[in-house]
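Sequence and predicted structure are below.
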Amino acid sequence: TTGTTGTTDSAEADDSGEADGVSIPLRLTFSDGVTGVPIADAEFCAVLPAIEPACQTSDAAGMIETTWETAEYTDVLSRLTHPDYLTMLYTGRYEQDVHDGWTTALESNDAVSIGYIAFTPAMAAGYISTGDVTIEAGTGMALYWMVSADESSLEGAVITLEDASGAAVGDVRYQSGAGVTLDPTLTATSTAGVTAIANIPPGEYTLRVTHDSLTCLPGFAFSSEIPNVTTVPVEADSQTIGNLFCGTAAE
């Protein structure tokens, strides 16, 4: 999420405790997903919702301090571009639970802090190759974490990505629980809880989660009225990132 530059002392809410055109100060940091080095001069743009200014640039410390003016409930999509990195798409949402968490954070901080990671094309290609997959030009990738109620990674989730007809798309791979590599023999998430999907044609898709005992809901992902699904936007030669929280009994 991004907005106009500036800071405020705290987020405001109406008498019901709901967000209603509130002003939220944000401290955004951008770092290399492998080395942790700050990414300076990255252009960070708000795709959804439409706000002004739409784009801002990270400083030498890989940081943007800004304010989201008149925040309202919405799905959130942001795009990061930098000559050395893949175009990154970050999915999210601003709903009551997010508003409540941010309001609590602002009771002891002057801004809500959000960290973003990005990967170079070589990093992404090397990572995907550990799953015996080669990236096809003009396609996109998705990287989603399944997180349990105690915020640890979730094992045993089966992930599919479906087009509008319900057909599966992309090459789905799960990260090994023993290291930062993919294991092409896995048929569900390991203890790492990470799913990588490569070679997705540009478009919008439904990510579907199946788990034996838990129901998954969007975390940093697009909102959904239906459990165990979220919408994933995909652009050519880019990577989309998000996560889901899985903490209630499966229905």
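On my side now, so go ahead. Numbers count the residues shown, from 1 in each chain.

Tell me where the stretch 51-200 of the chain has strands.
55-57, 63-71, 74-82, 85-94, 112-118, 140-148, 158-162, 171-175, 182-183, 194-200 (DSSP state E, counting those that start in this stretch).

The closest residue to residue 168 other than its chain neighbours: how many residues sit nearby?
Closest residue to residue 168 apart from its sequence neighbours, by Cβ to Cβ, 6 or more residues apart in numbering: residue 160 at 5.3 Å. Glycine gets a C-beta too; all of them are placed from N, C-alpha and C. By the criterion of other Cβ atoms under 10 Å, residue 160 has 19 neighbours.

separation between residue 160 and residue 109?
38 Å (Cβ to Cβ, to the nearest Å).

Break this protein down into its domains, please.
Domain assignment for the chain by automatic domain parsing gives 22-118, 122-249.

mean pLDDT for the strands of the stretch 51-200 of the chain: which is lowest?
Ranked by mean pLDDT, the strands of the stretch 51-200 of the chain bottom out at strand 63-71, which scores a mean of 90.

can you pull the buried residues of it?
63, 64, 65, 66, 67, 68, 69, 71 (16 or more other Cβ atoms under 10 Å).

and the last one, bridged to which residues?
Beta bridges link residue 71 to residue 22 when assigned by DSSP bridges.

Run a quick neighbour tally on residue 205.
Around residue 205 there are 24 other residues, counting by other Cβ under 10 Å.

Identify the residues contacting it.
For residue 205, the contacting residues are 161, 162, 163, 169, 170, 231, 232, 234, by Cβ atoms under 8 Å, 6 or more residues apart in numbering.

looking at it, residue 72 is touching residue 93, isn't it?
No - with contact defined as Cβ atoms under 8 Å, residue 72 does not reach residue 93; the gap is 11.6 Å.

Of those two, which one has the most company?
Just comparing residue 72 and residue 93: by other Cβ under 10 Å the higher neighbour count belongs to residue 93, 21 against 13.

Now do the contacts for the more buried one.
Taking Cβ under 8 Å, 6+ apart, we find residue 93 in contact with 74, 75, 76, 218, 220, 221, 222, 223.

start to end distance for stretch 93-113?
15 Å (Cα to Cα, to the nearest Å).

just use 21 as the starting number from now, easier for me
Will do, 21 is the new start, and the previous item becomes stretch 113-133.

Please spell out which residues along that stretch are buried.
By 16+ other Cβ under 10 Å, the buried positions in stretch 113-133 come out as 113, 114, 118, 119, 122, 123, 126, 131, 132.

Quick check: the two most widely separated of the residues you listed?
Spatial extent of the buried residues of stretch 113-133 (Cβ to Cβ) is set by the pair 113 and 131 at 19.4 Å.

Point out where this structure drops to low pLDDT.
Filtered on pLDDT under 70, the chain yields the residue ranges 21-40, 268-271.

the helices in it, which residues?
Ranges of helices in the chain, per DSSP state H, are 116-125, 141-149.

And the contacts of the last one?
Helix 141-149 is contacted from outside by 53-54, 105-106, 139, 154-155, 161, 193, 200-202, 216, 218, 259, using Cβ under 8 Å, 6+ apart.

if you set the cut-off to 6 Å instead, what comes out?
With Cβ atoms under 6 Å, 6 or more residues apart in numbering as the test, helix 141-149 has contacts from 54, 106, 155, 218.
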